[in-house]
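S.K.: Provided below are the primary sequence and the corresponding predicted coordinates.
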Amino acid sequence: MTDGSLSPFDLFGDWFAEAEASEPNEPTAMALATATADGRPSVRMVLLKKWDDRGFVFYTNLESRKGQEIAENPHAALCFHWKSLRKQIRIEGPLRPVPPEEADAYFASRARDSRIGAWASQQSRPMEGMFRLEREVAKYAAKFGLGEIPRPPFWSGFRLVPERIEFWHDRQFRLHDRQLFEREGDSWTVTQLFP
Ligand SMILES: Cc1cc2nc3c(=O)[nH]c(=O)nc-3n(C[C@H](O)[C@H](O)[C@H](O)COP(=O)(O)O)c2cc1C
């Protein structure tokens, strides 16, 4: 079935609003799957910080494991599961770095301690003990004092530009409803899948 007027973003918006109203915590939490150049996958949770019809944005340390995988292979997938709603959304496509000014604006909106934490954490690399993290936090807190805290050069965001978005809704007796949207140029096709 094809219908150029159908947008998965309208449906995403409806479901996301429901999740924000009903989930007990972190309705923006989503699993992010990345893979190495030779296709070895890894997955972890991140928070959705912005979305619109350009894509879905999260922020992270660019030198982390995921950051390194993204640098060698830009293809990624996201998965939301809102347990209380019995709904799942899967999104796939390439990741594009968010423009520096957009990352700067988001970084500036974060709590001061979170901004210091971004400087202090060498995310995904071995750490001798919690004292090391505390020492790094103290170091950067002293360095920046009461002044501006710039965005670290190793910290930014990615926008997943969707090529496929699948909506899954629980139905009785495992006869779940699955709607797959696939991008074709500027429009989307929608296909129903067997559960
Ligand atoms: C609910 C939740 C939200 C998280 N949000 C983020 C996030 O937005 N960005 C991030 O870098 N890590 C986030 N984390 C931590 C990641 O899951 C992960 O531990 C970290 O990014 C290192 O992953 P990596 O070693 O694969 O790079 C979150 C963890 C949880 C449980």
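M.R.: Structure received.

S.K.: which parts of the chain sit against the ligand?
M.R.: Contacts of the chain with the ligand, taken as CB under 6 Å from any ligand atom, map to 26, 29, 42, 44-47, 58-61, 64-66, 123-124. In this view, the C-beta of every residue, glycine as well, is placed from N, C-alpha and C.

S.K.: and the most centrally placed residue in the chain, how far from Met45?
M.R.: Nearest residue to the geometric centre of the chain (CA atoms, centre = their mean): Phe58, 4.0 Å. For Phe58, the distance to Met45 (CB to CB, to the nearest Å) stands at 10 Å.

S.K.: overlap in contacts of those two?
M.R.: Residues touching both Phe58 and Met45 (CB atoms under 8 Å, 6 or more residues apart in numbering): Met30, Leu32.

S.K.: where does pLDDT dip in the chain?
M.R.: Residues of the chain that meet the criterion pLDDT under 70 lie in 1-6.

S.K.: longest strand in the chain, please.
M.R.: strand 87-97 (DSSP state E).

S.K.: paired strands for that strand, with orientation please.
M.R.: Within its sheet, and counting by DSSP bridges, strand 87-97 is paired with strand 75-82 (antiparallel), strand 155-160 (antiparallel), strand 164-169 (antiparallel).

S.K.: and the first one, what's buried?
M.R.: So the one you mean is strand 75-82. Buried residues in strand 75-82, counted by 16 or more other CB atoms under 10 Å: His75, Ala76, Ala77, Leu78, Cys79, Phe80, Trp82.

S.K.: do the last one as well
M.R.: When burial is assessed from 16+ other CB under 10 Å, strand 164-169 yields the following buried residues: Ile165, Glu166, Phe167, Trp168.

S.K.: next one: phi and psi at Glu182?
M.R.: phi -130, psi 130 (degrees, to the nearest 10).

S.K.: you'd agree it is up against Pro162?
M.R.: No. Using CB atoms under 8 Å, Glu182 is not in contact with Pro162; the gap is 9.5 Å.

S.K.: between the two, tell me which one has more neighbours.
M.R.: More crowded of Glu182 and Pro162, by other CB atoms under 10 Å: Pro162, with 25 against 17.

S.K.: the more buried one: which element?
M.R.: Using DSSP states H and E, Pro162 sits in no helix or strand.
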